[in-house]
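Asks: Kindly return the folded structure for what I paste below:
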Amino acid sequence: MFAAGARESSCDIIIESDLQKGIEIIRSGQCQSVLACVPLMTERCPRRILKSIQEVNPYIPVFFILNDLDLALAISLTKLGVEYCYTRPFAVEMVLENIRKTLSGRIHPVILPQKDPVPRYFYASSEAATQLYAQIDTVADTNFKVIIYGETGTGKESVAKRLCKGIFKDRPFIAVDCGCLNRELAASELFGHKKGSFSGAFEDKTGAFEAADNGTIFLDEIGNLDYSVQILLLRAIEERKIKRIGSNTEIDINVRIIAASNERLSEAVEAGRFREDLYYRLNEFEINIPPLRERMEDLEPFINFFIWETNRDLNKNITGVSPALLKKFQAYSWPGNLRELKNVVRRGCLMAGREITADCMAEDFMEKLNAEYKGRAFHDKFTDTSPAYAVGDLKYKSVIAEYEEILKVLEEEKYNKSRTAQRLNINRKTLYNKISTYHKLMKSQRIL
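Replies: Below is the predicted model of the structure:
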């Protein structure tokens, strides 16, 4: 079931079980929020549903009801921009109340057609980014199979598309999210099927390999493919032939393969989750995307680029991020990387008048931001790696060892001092006293 609606307090609801028809409802501007109940009749993958919605309207708030709420999936969807995830049983009144709260006070943008083409890519200038672009340029105009490694949100699909800007520019590019494919669906999605070949096969289906013929197929999160499907994939690579499910006819294919993973496939091979022969077939060239926290000099340029993009979409003139908020951005680890940054900036632009401030941020995000900012300030204040700290008597070394243990627990507890004191089996006052002692000790060492 796909439900879209909730206008003002009356919450008029439009119900549609077909994803594409639901997308057309969103495109027509008839609703201000979306509630997606997964699985839908025509789509089972939450990420694919969300991507389809955001391609039409990236600003509409999206809520999910999932049959089985997996914590990792919920976190992943939240990083992608989902407001709330629910699981059965749930209270309809609670869901509607959360929708009302989300919509209250929100500025509803009019998505205007863009008069000028928007650049699809932004080129950062850090040393890490320069090395990344050099890797891309090395293999872009070859037919090498490539594995792209990077954390969630680092832009693996964007890198895959950049690899196709050369000799593959005008050829097909087909992306497949292997994280959405269970064993039953994977073969059909990759290789297609004939009508009547299995329950639910109501018509012939062209698979991703066939659609990507003479172009590129991008297999995102390839490590999630079932072991039995990996065998079929290996055969397709080795023989350059596929068979649709339910068909005896072989189809010749000529496809460049780019795979992506957020874990090293060599480690998956050692753990027995990924076929060694398939790994060696795919591993002709590797590209490693650094996380945002390792290229923080790119943070502000990316913020400005995302603001520029969003200004075009919303017909606004946001000038930037306030200095106070920018300092907190710079102290944040950005676990969702560029995708998280983009979502934060776009939402900030939506809520801002002229400048993005802390008031434009979601409450839960500001809690995380403030916690990491305070933690970084604490670390900078009480940590020093100058040579004066490398020497000292036994008592000094003992105190420093104790300090390092306290700092370790503080970091693990996100600088929550109550939980830290509880784990260390001391009271909160003792914790503060010890921190004060370390500070005085380090000051004295500086004098020495």
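Asks: Count the residues that sit near G179.
Replies: Using other CB atoms under 10 Å as the criterion, G179 is surrounded by 17 other residues. All C-beta atoms are positioned from the backbone trio N, CA, C, and that covers glycine.
Asks: before we move on, what about I15?
Replies: One way to gauge burial is a neighbour count; for I15, by other CB under 10 Å, it gives 13.
Asks: name the element it belongs to?
Replies: Remark: I15 resides in strand 13-16, with elements defined by DSSP states H and E.
Asks: what's that strand packed up against?
Replies: With contacts taken as 3 or more CB pairs under 8 Å, 6 or more residues apart in numbering; DSSP states H and E, strand 13-16 sits against strand 2-5, helix 19-27.
Asks: can you do 6 Å?
Replies: Other helices and strands packing on strand 13-16, by 3 or more CB pairs under 6 Å, 6 or more residues apart in numbering; DSSP states H and E, are strand 2-5.
Asks: Please tell me how far the strand holding I15 is from the chain's geometric centre.
Replies: When C-alpha coordinates are averaged (CA atoms, centre = their mean, to the nearest Å), strand 13-16 and its chain have centres 28 Å apart.
Asks: Now do the buried residues in that strand.
Replies: Burial within strand 13-16, assessed by neighbour count using 16 or more other CB atoms under 10 Å, is assigned to 14, 16.
Asks: Adjacent strands (with direction) for that strand?
Replies: Within its sheet, and counting by DSSP bridges, strand 13-16 is paired with strand 2-5 (antiparallel).
Asks: Let's see the strand holding I15 as PDB, backbone CA atoms only.
Replies: The C-alpha trace of strand 13-16 is given here as PDB (Å, rounded to 0.1, in the frame of the first residue of the first chain):
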ATOM      1  CA  ILE A  13      -5.400  10.800   2.400                       C
ATOM      2  CA  ILE A  14      -4.900   9.400  -1.100                       C
ATOM      3  CA  ILE A  15      -4.200   5.600  -1.100                       C
ATOM      4  CA  GLU A  16      -2.400   4.000  -4.100                       C
END
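Asks: At which residues are the strands of the stretch 201-350 of the chain located?
Replies: Assignment of strands within the stretch 201-350 of the chain using DSSP state E, counting those that start in this stretch yields the ranges 205-206, 216-220, 241-243, 250-252, 256-261, 285-288, 320-321.
Asks: The fifth one vs strand 216-220, what angle?
Replies: Orientation check (axes from the mean of the first three to the mean of the last three CA atoms, to 10 degrees): strand 256-261 against strand 216-220 gives 10 degrees.
Asks: related to what we said a few turns ago, what is the mean pLDDT for the strand holding I15?
Replies: Looking at strand 13-16 alone, the average pLDDT works out to 82.
Asks: for stretch 228-248, same thing?
Replies: With pLDDT averaged residue by residue, stretch 228-248 scores 91.
Asks: likewise stretch 54-66?
Replies: With pLDDT averaged residue by residue, stretch 54-66 scores 81.
Asks: distance of V159 from E184?
Replies: To E184, V159 is 30 Å away according to CB to CB, to the nearest Å.
Asks: repeat for E294
Replies: 39 Å.
Asks: of those two, who's got more company?
Replies: E184 (12 against 9).
Asks: where's the more buried one relative to R256, distance?
Replies: The value you get for E184 to R256, if CB to CB is used, is 27 Å.
Asks: So what's the residue count around the closest residue to S333 other than its chain neighbours?
Replies: What sits nearest to S333 in space, not counting adjacent residues and going by CB to CB, 6 or more residues apart in numbering, is R293, at 5.0 Å. A count of neighbours around R293, defined by other CB under 10 Å, yields 13.
Asks: what about R293, distance to L299?
Replies: Taken as CB to CB, the spacing of R293 relative to L299 amounts to 9 Å.
Asks: what do you get for S418?
Replies: Distance from S418 to L299, counting by CB to CB: 31 Å.
Asks: E24 too?
Replies: According to CB to CB, E24 stands 37 Å off from L299.
Asks: Neighbour count: these two, which is higher?
Replies: L299 (20 against 13).
Asks: In contact with that one, which residues are there?
Replies: The neighbourhood of L299, defined by CB atoms under 6 Å, 6 or more residues apart in numbering, contains no residues.
Asks: re earlier: least reliable of the strands of the stretch 201-350 of the chain going by mean pLDDT?
Replies: Of all the strands of the stretch 201-350 of the chain, strand 205-206 carries the lowest average pLDDT, namely a mean of 88.
Asks: Describe which strands that strand pairs with in its sheet and in which direction.
Replies: As defined by DSSP bridges, the strand partners of strand 205-206 come to strand 192-193 (antiparallel).
Asks: Output the below-cut-off pLDDT ranges for this protein.
Replies: For the chain, residues meeting the criterion pLDDT under 70 lie at 1-11, 41-42, 69, 89-91, 103-122, 375-400, 414, 436-448.
Asks: redo that, cut-off 50
Replies: Per-residue confidence of the chain (counting by pLDDT under 50) places the weak regions at 1, 6-9, 105, 107-119, 384-392, 446-448.
Asks: Please parse it into its domains.
Replies: Here the domain parsing of the chain from automatic domain parsing is 2-103, 127-288, 295-362, 383-447.
Asks: could the ones you listed go into JSON lines alongside distance to N370?
Replies: Converted to JSON lines, the domains of the chain look like this (distance: least, CB to CB, whole Å):
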{"stretch": "domain 2-103", "distance to N370": "18"}
{"stretch": "domain 127-288", "distance to N370": "21"}
{"stretch": "domain 295-362", "distance to N370": "7"}
{"stretch": "domain 383-447", "distance to N370": "10"}
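Asks: send the alpha carbons of stretch 137-148 over as CSV?
Replies: Included here for stretch 137-148 are C-alpha records, laid out as CSV according to Å, rounded to 0.1, in the frame of the first residue of the first chain:
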residue,chain,number,x,y,z
ASP,A,137,40.9,9.4,-14.8
THR,A,138,43.3,6.4,-14.9
VAL,A,139,40.6,3.9,-15.7
ALA,A,140,37.7,6.0,-17.1
ASP,A,141,38.4,5.3,-20.8
THR,A,142,39.1,1.5,-20.4
ASN,A,143,36.8,-1.5,-20.2
PHE,A,144,38.4,-2.6,-16.9
LYS,A,145,36.1,-4.0,-14.3
VAL,A,146,36.2,-1.7,-11.3
ILE,A,147,35.4,-2.1,-7.6
ILE,A,148,34.6,1.2,-5.7
